[in-house]
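S.K.: What would the 3D arrangement of this be:
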Amino acid sequence: MKKTTIASALLISTFILGAASPAFADQVAAPTTDATVKFKSEPQDADNDGNTIDPLDPDGNGVKPETGEGSVGTKGPLRVDFAPNFKFGTVTMSGNAAEYHPLYMKVNLLDETGKVAEPLQSKYVPHYVQVTDNRGTNDGWELTVAATPFKGTVVDKNADLKATLTLGHSQFTSPVKPVDGKDFKPATLNTNVTLTPEAKPLIVAKADQGMGSWAAVFSKDTTATLTDTDRNPNVTLSVPADSKKDANEEYKSTITWTLSTTPTTPPTGN
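M.R.: Numbering: from 1, shown residues only. Next comes the predicted model:
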């Protein structure tokens with residue numbers, strides 16, 4: 001992944017100090033002083049230690065997805081903090097075309113110091129992907145997603161399920177709030193994206209957008225209380241009627257989430 005490093009910046013602010021004096025008095029002195037600041041970029045190995053925004057409570061202390069729920073994230077000032085696995089588990093096969101939905105993700109709550117809370121507090125949340133932009137350049141960025149066909153992993157690695165995975169309704173959640181009427185939310189969040197080996201844009205942040213951390217949550221309802229047996233209707237595995245299915249097989253697709261330092265693909269339909 002291409003990384004971008006920002007140059008340090010210097011800000012000088014000048015102000016005038018002086019005591020109020022009668023209109024007829026001469027000004028004795030108007031000294032000037034400086035206020036200075038310099039910035040440095042986050043290191044190329046910067047990360048969030050697996051911590052993310054809580055997709056159901058963006059103003060809270062955050063969460064850490066349990067091991068196995070998704071990727072460990074990339075590193076750098078511009079990074080993918082987390083991308084989800086989609087666990088469908090064991091489902092009942094059908095001779096007809098059928099649709100299946102993945103189990104929700106398990107996350108652990110963090111305390112106000114950013115550590116996993118003790119005693120351990122866990123909950124289930126909708127699937128989400130999170131991007132952080134701490135470059136300071138406000139250049140914008142783009143996240144695309146692609147997936148390989150669902151192939152066998154146990155009995156026959158060439159077995160093709162002919163299934164497709166669709167990321168349905170999604171919405172942004174972030175602790176970043178509009179400032180002075182300006183909203184830094186990325187301009188584009190595509191929904192109902194059916195994944196193929198060809199990368200498709202999921203999120204596009206134009207210049208002066210997408211700064212800070214943003215999570216795209218695949219859910220219409222971010223208030224419901226979820227359990228370990230609930231499934232996310234906003235992510236769909238579609239299996240056609242002519243798919244040959246083997247009960248001794250486990251089928252797998254590898255999903256690639258690619259983050260570009262600047263938007264390269266114009267927003268398009270899905």
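S.K.: Quick one: the strands in the stretch 151-270 of the chain, in order.
M.R.: 151-152, 164-167, 171-173, 188-189, 193-194, 200-205, 212-217, 235-239, 251-252, 255-260 (DSSP state E, counting those that start in this stretch).
S.K.: Stretch 142-155 - what's its average pLDDT?
M.R.: Mean pLDDT, stretch 142-155: 97.
S.K.: Equivalent analysis for stretch 89-101, please.
M.R.: Mean predicted confidence for stretch 89-101 is 97.
S.K.: what's the span of it from first residue to last?
M.R.: Terminal residues of stretch 89-101 are spaced 10 Å apart (Cα to Cα, to the nearest Å).
S.K.: if we can go back for a sec, Gly50 is nearest to which of the strands of the stretch 151-270 of the chain?
M.R.: Proximity to Gly50 (Cβ to Cβ) singles out strand 212-217 among those, at 13.4 Å. The way it works is simple: take the backbone N, C-alpha and C, and place the C-beta from them, glycine included.
S.K.: List of residues touching the closest one?
M.R.: The contact list for strand 212-217 (Cβ atoms under 8 Å, 6 or more residues apart in numbering) reads 48, 52-53, 55, 58, 81, 126-134, 170-176, 184-186, 189, 202-203, 205.
S.K.: relative orientation of it and strand 200-205 in degrees?
M.R.: 140 degrees (axes from the mean of the first three to the mean of the last three Cα atoms, to 10 degrees).
S.K.: hang on, the earlier thing: among the contacts of strand 212-217, which ones are buried?
M.R.: 48, 52-53, 55, 58, 81, 126-133, 170-174, 176, 184, 186, 189, 202-203, 205 (16 or more other Cβ atoms under 10 Å).
S.K.: So which of those residues sit within helices?
M.R.: Within these, no residue falls in helices by DSSP state H.
S.K.: Alpha carbons only: can I get stretch 192-206 in PDB?
M.R.: Output in PDB follows, covering the C-alpha atoms of stretch 192-206 (Å, rounded to 0.1, in the frame of the first residue of the first chain):
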ATOM      1  CA  ASN A 192     -25.900  -3.200  -2.100                       C
ATOM      2  CA  VAL A 193     -22.400  -3.900  -3.500                       C
ATOM      3  CA  THR A 194     -22.200  -7.400  -4.900                       C
ATOM      4  CA  LEU A 195     -18.600  -8.500  -4.500                       C
ATOM      5  CA  THR A 196     -16.600  -9.800  -7.500                       C
ATOM      6  CA  PRO A 197     -12.900 -10.400  -8.200                       C
ATOM      7  CA  GLU A 198     -12.900  -6.900  -9.700                       C
ATOM      8  CA  ALA A 199     -12.500  -4.200  -7.000                       C
ATOM      9  CA  LYS A 200     -15.500  -2.000  -6.500                       C
ATOM     10  CA  PRO A 201     -15.500   1.400  -4.600                       C
ATOM     11  CA  LEU A 202     -17.200   1.100  -1.200                       C
ATOM     12  CA  ILE A 203     -16.200   4.500   0.300                       C
ATOM     13  CA  VAL A 204     -14.900   7.600  -1.400                       C
ATOM     14  CA  ALA A 205     -13.700  10.600   0.600                       C
ATOM     15  CA  LYS A 206     -13.000  13.700  -1.500                       C
END
